[in-house]
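K.L.:
got a predicted structure plus its sequence, pasted below:
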Amino acid sequence: MPRRNLAEVLVGTVVLLVAAGFLAYAISHSGRGPSSGYLLYAKFDHIGGLTVGSDVRMAGVKVGSVDTTKLDPKTYQAIVGFTVANDVKLPKDSSATIASESLLGGNYLSLSPGGDAAMLQPGQTMTITQGAVNIEELLGKFIFSASNLATSVQGGAGHGGGAGQAGAGPSGAGQGSGTSDGGLPPLGGKSP
């Protein structure tokens, strides 16, 4: 009986070590481990699905990752702290935009370099930012405006035009094409 318990403990230990190895490998190769580079900040009105560990990209290339997200209690804006690789220097007038990978994908922070000669230093805040676009809100506005347009088109169809009345002119019976609600008089007819 003691041999069986010892074998079970050894097998359990081996399984735990293998699981720990897989976990360490996954963390080291996921790009969400401790990031190197210098820290910058940006303030946004809305960050959408941007989370800690999201990519920071420039021209589509990953140059860093998001480290922190918090709310500024004074301005009620989201403050995003992110790292940028040490070899990537950003001018002071660079901009940060929260972009979407796809309709179903997550968000990432996109950086666009400016033209200023002075560079951002570690710990500084980027001032030119654009928050995340809320797709659900845009779809809601589109549906609302489309339904308003359909309602106005249906409501306007009853007022447009009636058939003109036949008029008796000097040359006989003329056909009218005017409106019955005060528009032009029928062709060939007498005006009232």
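P.N.:
Good, I have the coordinates.

K.L.:
alpha carbons of the helix or strand hosting L111, as CSV, please.
P.N.:
Per DSSP states H and E, L111 falls inside strand 107-112. What follows is strand 107-112, C-alpha atoms only, in CSV (Å, rounded to 0.1, in the frame of the first residue of the first chain):
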residue,chain,number,x,y,z
ASN,A,107,-8.6,47.2,-29.6
TYR,A,108,-5.0,48.4,-29.8
LEU,A,109,-3.2,51.7,-29.3
SER,A,110,-2.0,53.1,-32.6
LEU,A,111,0.7,55.8,-32.6
SER,A,112,1.4,58.3,-35.3
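
K.L.:
partners of that strand in the sheet?
P.N.:
strand 55-58 (parallel), strand 95-100 (antiparallel) (DSSP bridges).

K.L.:
if I look at the nearest residue to D67 once chain neighbours are set aside, how far off is F44?
P.N.:
Computed as CB to CB, 6 or more residues apart in numbering, the closest residue to D67 that is not its neighbour in sequence is G81, at 4.7 Å. Quick note: C-beta positions are derived from backbone N, CA and C, even for glycine. Distance check for G81 against F44: by CB to CB, to the nearest Å, it reads 12 Å.

K.L.:
between those two, which one's more packed in?
P.N.:
Comparing G81 with F44 by other CB atoms under 10 Å, the one with more neighbours is F44, at 20 against 16.
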